[in-house]
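**Student:** what's the 3D shape of this:
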Amino acid sequence: MVSIRHVYIEGTRSTPEVDFDPELHVLSIRGQSYPENAFAFYEPLLKWLDEYLADLNAESTVEIELQLPYINTTSTKCFLMMLEKLDEAFKQGKQVGVRWLYDEDNESELECAEEFKEDLLLPFRILPKTAE
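**Tutor:** Below is the predicted model:
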């Protein structure tokens, strides 16, 4: 079994806070996402996710928590790649689910979550932040 390290990246004005905890099986991304180079920011996270999912046993339940008030086009592409990896893991029998928290006053945030959810089979809940 490969030892997957805990990843924590503090959020900035243009990048979200990332907290990927392999022991608790909670992967959290919260905040604005419009880095100058989204692929450079998200590529190590996508690689980490590949390793984590490959090592994940069938008994573990993984919760992905997303809260993204604003996400630019290149970040959207990176998130789509991430969600496709999670969806594929779900199709292979792994217990994976997404919980997207949105601000009820931010209609575009809700629309973004709904667009991501459209093409996925994995459990994907979209909840107002007040439901936390």
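
**Student:** for the rest of this, base every contact and every neighbour count on C-alpha atoms.
**Tutor:** Noted.

**Student:** what about the helices in this protein?
**Tutor:** Ranges of helices within the chain are 38-55, 73-91, 107-118, based on DSSP state H.

**Student:** so where is the protein shaky, pLDDT-wise?
**Tutor:** Low-confidence segments of the chain, defined by pLDDT under 70: 1-2, 131-132.

**Student:** tell me which of the helices of the chain is the most buried.
**Tutor:** Highest mean neighbour count of the helices of the chain: helix 73-91, a mean of 17 (counted as mean count of other Cα atoms under 10 Å).

**Student:** still on that earlier bit, adding distance to E17, write the helices of the chain out as TSV.
**Tutor:** Below are the helices of the chain laid out as TSV (distance: least, Cα to Cα, whole Å):
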stretch	distance to E17
helix 38-55	12
helix 73-91	14
helix 107-118	17
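
**Student:** closest to Y8 out of the ones you listed?
**Tutor:** Evaluated over the helices of the chain, closeness to Y8 peaks at helix 38-55, with 10.4 Å, by Cα to Cα.

**Student:** my guess is V98 meets Q67, correct?
**Tutor:** No: assessed by Cα atoms under 8 Å, V98 is found out of contact with Q67, at 10.8 Å.

**Student:** against A40, how distant is the residue nearest to E59 when sequence neighbours are not counted?
**Tutor:** Spatial nearest neighbour of E59, chain neighbours left out: Q95 (7.5 Å); criterion: Cα to Cα, 6 or more residues apart in numbering. Taken as Cα to Cα, to the nearest Å, the spacing of Q95 relative to A40 amounts to 28 Å.

**Student:** burial measure for the residue nearest to E59, as a count.
**Tutor:** If you count neighbours by other Cα atoms under 10 Å, Q95 ends up with 19.

**Student:** I am finished for the moment; much appreciated.
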